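Trainee: Pasting the sequence and the predicted model now:
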Amino acid sequence: MLTAFRLLRADLRAKADWMYEGHGWKALAKTLLTDGTAAMVWYRLMQWSHRNRLAPLAMLFNKINTVFCQCVIGRGAEFGPGFVLIHSQGVFINAAVRGGSRVFVEHQVTIGAEGRASPVLGDGVFVGAGAKITGGLTVGAGARIGANAVVMHDVPANATVACPPAVVVAIRPGFAAEDVHESA
């Protein structure tokens, strides 16, 4: 359970930094009351239960997240520390999805499988509202997926993709995986 709490603490700090530009006690208190935070908590509890082979508990946390937060995250989905649901409503993430540290997800996002192949998201990825990411593709570290983009091919590191279908519109210099700090 300790690992789950460390991950959740890193998630809450990352969300506080994103929304309130700091993670002092006031920012954390406000973060606990914002949209998406409850879904993050239920996800981490579900993930812990799944890892510890407590299937009934994992299913319960999954259903609570679905019913009360309108957020569906498959029981096997894995994200590193700093996973942030900016808004949770309408989010669907397949159970086989893998994500790095500091992945930020807006509302109405789908990260799903195509057949048995699911996306892998690198560290420091931002996924804009309404974006769809499907298939066995990789989204590189530091990438930004624009609102309503439909991503069906690999996205290079530091790239910004937009439009359906998604096309690279920019590549930002300077992001490296070592720039991502664990907040825990």
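Mentor: Happy to help now that I have it. The shown structure was predicted, so the numbers you read here are calculated from the model rather than taken from an experiment.
Trainee: low-confidence ranges in this protein?
Mentor: The model of the chain has pLDDT under 70 over residues 1-2, 174-184.
Trainee: ranges for the helices of it?
Mentor: 2-20, 25-32, 37-51, 55-69 (DSSP state H).
Trainee: So for stretch 61-74, what gets flagged as buried?
Mentor: Buried residues in stretch 61-74, defined by neighbour count with 16 or more other Cβ atoms under 10 Å: 61-62, 64-65, 69-74. Just so you know, the C-beta spots here come from the backbone N, C-alpha and C atoms, and that holds for glycine as well.
Trainee: between the residues you listed, which is nearest Ser101?
Mentor: Ile73 (16.8 Å; Cβ to Cβ).
Trainee: The closest one and Phe61 touch, don't they?
Mentor: No. The pair formed by Ile73 and Phe61 falls short of the contact definition of Cβ atoms under 8 Å, at 9.8 Å.
Trainee: thinking again about what came up before, so which of the helices of the chain gets nearest Gly112?
Mentor: So among these, helix 55-69 is nearest, using Cβ to Cβ, at 15.4 Å.
Trainee: Tell me which other helices or strands that closest one touches.
Mentor: helix 37-51, strand 71-73 (3 or more Cβ pairs under 8 Å, 6 or more residues apart in numbering; DSSP states H and E).
Trainee: quick one: that helix to chain centroid distance?
Mentor: How far helix 55-69 lies from its chain's middle: 17 Å, per Cα atoms, centre = their mean, to the nearest Å.
Trainee: ditto for stretch 110-120
Mentor: 14 Å.
Trainee: Now that stretch - C-alpha only, CSV.
Mentor: Only the C-alpha atoms of stretch 110-120 are listed here, as CSV (Å, rounded to 0.1, in the frame of the first residue of the first chain):
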residue,chain,number,x,y,z
THR,A,110,-9.7,7.9,-25.5
ILE,A,111,-6.4,5.9,-25.3
GLY,A,112,-7.4,2.5,-26.7
ALA,A,113,-6.3,-0.7,-28.4
GLU,A,114,-6.6,-1.7,-31.9
GLY,A,115,-6.8,-5.5,-31.8
ARG,A,116,-4.3,-6.5,-29.1
ALA,A,117,-2.0,-3.5,-29.6
SER,A,118,-2.2,-0.6,-27.2
PRO,A,119,-0.3,2.7,-27.1
VAL,A,120,2.7,3.4,-24.9
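Trainee: In TSV: the helices and strands packed on helix 55-69, plus distance to Ile93.
Mentor: Formatted as TSV, the helices and strands packed on helix 55-69 follow (distance: least, Cβ to Cβ, whole Å):
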stretch	distance to Ile93
helix 37-51	9
strand 71-73	5
